[in-house]
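A.B. asks: missing the sequence, but the structure's below:
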């Protein structure tokens, strides 16, 4: 696994969005060195890595006893424009020889409530399944139970070297490393089950209740059977009454009963039709009293119109002939015409005579009507519109009157066929009685169905209670045997788990001892100080053996040597895990003296992992150690806190030479 990049967006002291490349530049330069003063964001960077991978179960240094939502709220940068933050981590992981690229994004908004979002991108595509089930899948990359072996604070590992505190820490580390924490939890759960099952059990007195319940079930079944029989009998009666009602209805219709019931409606419709006919006929009389009679002499009126037009044309021609004659005479009297050639005058006179002859011929038509202009206009208006409209209206009224005549005749024929009340009274009484009986029978049928459904629900409830009581009774009968069986098997399982746990520890503890001892020998200056190291597989007590075969007590180790022993424990356990994971160390040199620091710089940091992130102050990796470590350094960054912007800014390069001095 290789961490390629981490992106911080308004997280802790890191304001804004800042990307940090983490990919080692070469296998021989696995170290990425971060330099920062106290409060500059070194521990925050370590927390960001753990938070992005593990979320709620991350062991962040600044969380303490805070609830997860409150920790996220406080992790938003104080100067953020909006109350939200995010952490992204890009890494590579090899599965079956195939390199897969992953990017984790954990972001949250701190409003009235904290809303967290988590997203997994695999090979540049959103992996919805991994995003939803990351808490289970993260163990495939870096299990949370052993994360402290790879992501740790150098100042907090001294407990591994304290021979009094070490057993508890070593127990936890080895159990997590070997997965024995699950075995421990299982043993604890078995003890809790045994304690619970040993509580005295009170024998239930449900037998009498069960018998009473069964009597109640039998009573309900008897009532239901009676209702079912009554329902079947009533169903036959209901079919018979339905057939009787159909027969009476058919007879009622044959004898005019429907007409008798509709008599009032028919009489009302007849009265409405008669009133409508009277209105139409009144309208007809009004229409006939106007210009309608002239439609009888329509052809004569058209002839009068044509004659009047001819007479008017003759009068106009006579008037025009007089005017044109005078104009031609004045034209011929003009000097220009008088002096014209004989031929031209002859043509003008011939044209004038021809025009006058036409007008005078038309003016000789006989005049018989002598209609005035007003009379002509009235005649034209009548023939062109009024008379045609009146005739159309009269036609519509006549058609409506005909339809009403037919409707009135039909309704009168129906009314004539209506039987008298005395003739149909007995049949009406029979029909009403049959319908009433049918309604009563239908009501009884529905009531029985409702009662049967109620009995079915009651039976279902009673049988559920019976089943539960039977389970209780059966359980009471076998409870003692069950408790004895559970206790026996639980004890056997716990004994087996104990043997399994001891076998697993015995099998792996020697390998862990060898890794830890080898790691310590590489770090310690006094090579003969410790020649052997033992971890008790039961108590997990740590024993150091000196050159002469005697135990080395804690007092014989200096503070620096104890610090190196703690680092050796972490290093050895990490090597024993067999997982090629990056190592991130905050405050890597702690309170070591110069010689022990040199040992860590030259022998541990370059070999701790294929990728090592060191988060150092200017007083830890100084110029001397920086020069010793430089051949293994691939990238350097400085975490500079900008007072003006109140945020930490990540810059390339380690502390300046004068600062290192």
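C.D. replies: That came through fine. Since the model is a prediction, treat every value here as computed from it, not as a measurement.
A.B. asks: For the stretch 1-150 of the chain, which segments count as strands?
C.D. replies: If you assign secondary structure with DSSP state E, counting those that start in this stretch, the strands in the stretch 1-150 of the chain sit at 2-11, 14-21, 31-36, 84-95, 98-110, 114-122, 125-126.
A.B. asks: repeat for the stretch 401-550 of the chain
C.D. replies: Counting by DSSP E, counting those that start in this stretch, residue ranges of the strands within the stretch 401-550 of the chain are 532-535, 542-545.
A.B. asks: neighbours of the nearest residue to residue 7 once chain neighbours are set aside, just the number please.
C.D. replies: For residue 7, the nearest residue in space outside its immediate sequence neighbours is residue 88; the separation is 3.9 Å by Cβ to Cβ, 6 or more residues apart in numbering. Using the backbone N, CA and C atoms, a C-beta is placed for each residue, glycine as well. Look at residue 88: counted by other Cβ atoms under 10 Å, it has 20 neighbours.
A.B. asks: Equivalent analysis for residue 17, please.
C.D. replies: Taking other Cβ under 10 Å as the neighbour definition, residue 17 ends up with a count of 12.
A.B. asks: who does it bridge with?
C.D. replies: residue 9 (DSSP bridges).
A.B. asks: re earlier: mind putting the strands of the stretch 1-150 of the chain into TSV with distance to residue 215 and mean pLDDT?
C.D. replies: Supplementary listing: these in TSV, determined by distance: least, Cβ to Cβ, whole Å; pLDDT from 0 to 100:
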stretch	distance to residue 215	mean pLDDT
strand 2-11	72	95
strand 14-21	77	94
strand 31-36	82	93
strand 84-95	68	93
strand 98-110	63	94
strand 114-122	59	95
strand 125-126	64	94
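A.B. asks: Reformat those strands as JSON lines; add distance to residue 615.
C.D. replies: Putting those into JSON lines (distance: least, Cβ to Cβ, whole Å) gives the following:
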{"stretch": "strand 2-11", "distance to residue 615": "12"}
{"stretch": "strand 14-21", "distance to residue 615": "12"}
{"stretch": "strand 31-36", "distance to residue 615": "5"}
{"stretch": "strand 84-95", "distance to residue 615": "16"}
{"stretch": "strand 98-110", "distance to residue 615": "20"}
{"stretch": "strand 114-122", "distance to residue 615": "25"}
{"stretch": "strand 125-126", "distance to residue 615": "32"}
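A.B. asks: from what I can see residue 101 touches residue 127, true?
C.D. replies: No - judged on Cβ atoms under 8 Å, residue 101 makes no contact with residue 127 at a distance of 11.4 Å.
A.B. asks: Out of these two, name the residue with the larger neighbour count.
C.D. replies: Here residue 101 and residue 127 are set side by side on neighbour count (other Cβ under 10 Å), and the busier one is residue 127, at 17 against 13.
A.B. asks: isn't that one right up against residue 133?
C.D. replies: No - taking Cβ under 8 Å as the definition, residue 127 is not a contact partner of residue 133, at 9.8 Å.
A.B. asks: ok, residue 581 - contacts?
C.D. replies: The neighbourhood of residue 581, defined by Cβ atoms under 8 Å, 6 or more residues apart in numbering, consists of 1, 142, 150, 574, 609.
A.B. asks: ok, back up a step: export the strands of the stretch 401-550 of the chain to a markdown table and append columns for mean neighbour count, mean pLDDT and distance to residue 215.
C.D. replies: Supplementary listing: these in a markdown table, determined by neighbours: other Cβ atoms under 10 Å; pLDDT from 0 to 100; distance: least, Cβ to Cβ, whole Å:
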| stretch | mean neighbour count | mean pLDDT | distance to residue 215 |
| --- | --- | --- | --- |
| strand 532-535 | 18 | 82 | 70 |
| strand 542-545 | 18 | 81 | 73 |
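A.B. asks: Please identify which of the ones you listed is closest to residue 499.
C.D. replies: Residue 499 sits nearest to strand 532-535 of all those, at 18.9 Å, using Cβ to Cβ.
A.B. asks: mind showing which ranges of the stretch 251-400 of the chain have poor pLDDT?
C.D. replies: The stretch 251-400 of the chain contains residues with pLDDT under 70 at 256-264, 288-299, 301-303, 305, 307-308, 311, 365, 367-388.
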